[in-house]
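Enquirer: Sequence and predicted model, in that order:
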Amino acid sequence: MVKKRYLLIGMLMVILGSVIAIAAFPSEEKRVKRRFGLLSEWVSRSPEENAFTLLQKMRDIGSLFDEHCELKTDYPALSGSYTREEISAYVGSAHSHVSRLSLKFYDLQIAFLEKDVAKVTLTARLTGRSTAGEQIDETREIECLLKKIQKKWLFSQIEVIEVLKK
Amino acid sequence: MTAPRRMKIRLSTPLPQKERVGVGAGSSTHETDEIQGSNRMTVNSKIRHFFFPSITPKFLARASLVALLAYLFFGHLCIPFSIQGISMEPTYHNGGVNFCWKLRYLFSEPKRPDVVAVRFAGSKVMLLKRVVALEGERVEFRDGKLFVNGNEIEEPYVRYPCDWNLPPRQVEKDAIYVVGDNRSMPIENHHFGQASKSRVVGAPLW
């Protein structure tokens, strides 16, 4: 009886230890996924958010990107290399034109090309409403390249994949 | 589990003569009442047993098998989805629910005018579009009319007015040309074009 109790306590401790270890030391895949979670959170905006929160988000979003991030889209005007400050300013400008914005990522497929380089293919869905009342609903397949710089995964390239070619 | 089994036995196996006399005290009305009462109890216990089954190893195995089959069927073969958007109006309405049958093109190829589900990075978000041209064909729009290889194609599923103009283009190898049924919006605002056949996940069930 006593042995069984010790065995049970031991098993519980092993399970608890494993849970704590997983939470405290996440895998590289989880670390990459978290970056997308933060990007989604900081790009999105709800009508209740005040100017201070938006400013904070705008400032924080730059920290997710490499010093120079390459953007490749089917719109030549948007394609090019952007600095962190430019990205922050762009998101801030976008926030001022929308009353509600939500960015969600689906079907993330993460592949590590090198030790510190990850390629992520995913579906991004941007929904919301502009201040003029127009509905926003855009879905695109995206391929991202993230580099691990100073223990942080940073977006260094974002490419919009053309699923339907007109 | 044990209670209904005991009652079943009581109903199906008549009591010995001596006991019957003792229980019923010679009254046939009492006997009928008892049988009716037992019947009702059996039905009640069966209903109770159906909704609150006893957790036995057999039951757990059966429930696990059902859960596994449901996961495989609805997660990989017949995926439920909700329609968001108006690009397939009036054939498919915004907010409608359907199932994507993934085995639809297991032994055949998509053909005109099939409605197909085209995937993005995975199958959590898909596009629902109609096939209007196949590989090697030349597709164009003239004043809202669809032309394939120079021939006008009748499209009874397009109900809203359309004024699209699109110069002719050839569909590449291993690709299909897909368009939504609702072409009432400007051509720039409609998501359509050629998609690789490998992106076709399946077709809606209805």
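Expert: Structure's in. What do you need?

Enquirer: helix/strand/coil for the residue of chain B found nearest chain A?
Expert: Among the residues of chain B, B:G122 lies closest to chain A, at 2.6 Å counting by Cβ to the nearest Cβ. The way it works is simple: take the backbone N, C-alpha and C, and place the C-beta from them, glycine included. Recorded secondary structure, B:G122: coil (DSSP: H, G, I helix; E, B strand; the rest coil).

Enquirer: Surely it touches A:D107?
Expert: Yes: when contacts are counted by Cβ atoms under 8 Å, B:G122 is listed as touching A:D107 (2.6 Å).

Enquirer: Would you mind listing the residues in contact with B:T91?
Expert: B:115, B:130, B:157, B:181 (Cβ atoms under 8 Å, 6 or more residues apart in numbering or on different chains).

Enquirer: ok, of these, which come out buried?
Expert: Among the contacts of B:T91, the ones that count as buried by 16 or more other Cβ atoms under 10 Å in any protein chain shown are B:115, B:130, B:181.

Enquirer: Same list (those residues) but as a markdown table, adding pLDDT, secondary structure and distance to B:G193.
Expert: As requested, the buried ones among the contacts of B:T91 are arranged in a markdown table below (pLDDT from 0 to 100; DSSP: H, G, I helix; E, B strand; the rest coil; distance: Cβ to Cβ, whole Å):
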| residue | pLDDT | secondary structure | distance to B:G193 |
| --- | --- | --- | --- |
| B:V115 | 97 | strand | 16 |
| B:R130 | 97 | strand | 13 |
| B:D181 | 96 | coil | 15 |
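
Enquirer: Now do the host helix or strand of A:I87, average pLDDT.
Expert: A:I87 is part of helix A:84-97 when elements are defined by DSSP states H and E. On average, the pLDDT along helix A:84-97 is 91.

Enquirer: Which is the succeeding secondary structure element to it?
Expert: Once helix A:84-97 ends, the next helix or strand along the chain (criterion: DSSP H and E) is strand A:98-114.

Enquirer: in that following strand, what's buried?
Expert: Residues of strand A:98-114 classed as buried: A:98, A:100-106, A:108, A:110 (neighbour count, 16+ other Cβ under 10 Å).

Enquirer: shared neighbours of B:G122 and A:D107, anything?
Expert: A:T123.

Enquirer: Contact residues of chain A facing chain B?
Expert: Within chain A, the positions near chain B by Cβ under 8 Å from any Cβ of the partner chain are A:106-109, A:121-123, A:125, A:137, A:139-142, A:162-166.

Enquirer: Kindly write the ChimeraX command that selects the buried subset of the residues you listed.
Expert: Buried residues within the residues of chain A next to chain B, by 16+ other Cβ under 10 Å, are selected in ChimeraX with:
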select /A:106,108,121,122,123,125,139,140,141,142,163,164
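
Enquirer: who in chain B is up against chain A?
Expert: Remark: the part of chain B in contact with chain A comprises B:84-85, B:118, B:120-125, B:127, B:129, B:166, B:178, B:191-195, B:199, using Cβ under 8 Å from any Cβ.

Enquirer: Drop anything exposed from those residues.
Expert: Buried members of the residues of chain B next to chain A, counted by 16+ other Cβ under 10 Å: B:85, B:118, B:120-125, B:127, B:129, B:166, B:178, B:191-195, B:199.

Enquirer: send the alpha carbons of stretch A:36-44 over as PDB?
Expert: The C-alpha trace of stretch A:36-44 is given here as PDB (Å, rounded to 0.1, in the frame of the first residue of the first chain):
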ATOM      1  CA  PHE A  36       3.400  34.400 -35.300                       C
ATOM      2  CA  GLY A  37       1.100  34.600 -32.300                       C
ATOM      3  CA  LEU A  38       2.700  38.000 -31.300                       C
ATOM      4  CA  LEU A  39       2.500  39.200 -34.900                       C
ATOM      5  CA  SER A  40      -1.200  38.300 -35.000                       C
ATOM      6  CA  GLU A  41      -1.800  40.000 -31.700                       C
ATOM      7  CA  TRP A  42       0.000  43.200 -32.600                       C
ATOM      8  CA  VAL A  43      -1.400  43.600 -36.100                       C
ATOM      9  CA  SER A  44      -4.900  43.100 -34.900                       C
END
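
Enquirer: Contacts for it, please.
Expert: Taking Cβ under 8 Å, 6+ apart as the rule, stretch A:36-44 contacts A:57, A:60-61, A:64, A:91, A:94, A:101-105, A:108, A:120, A:122, A:155.

Enquirer: No further queries at this time; thank you.
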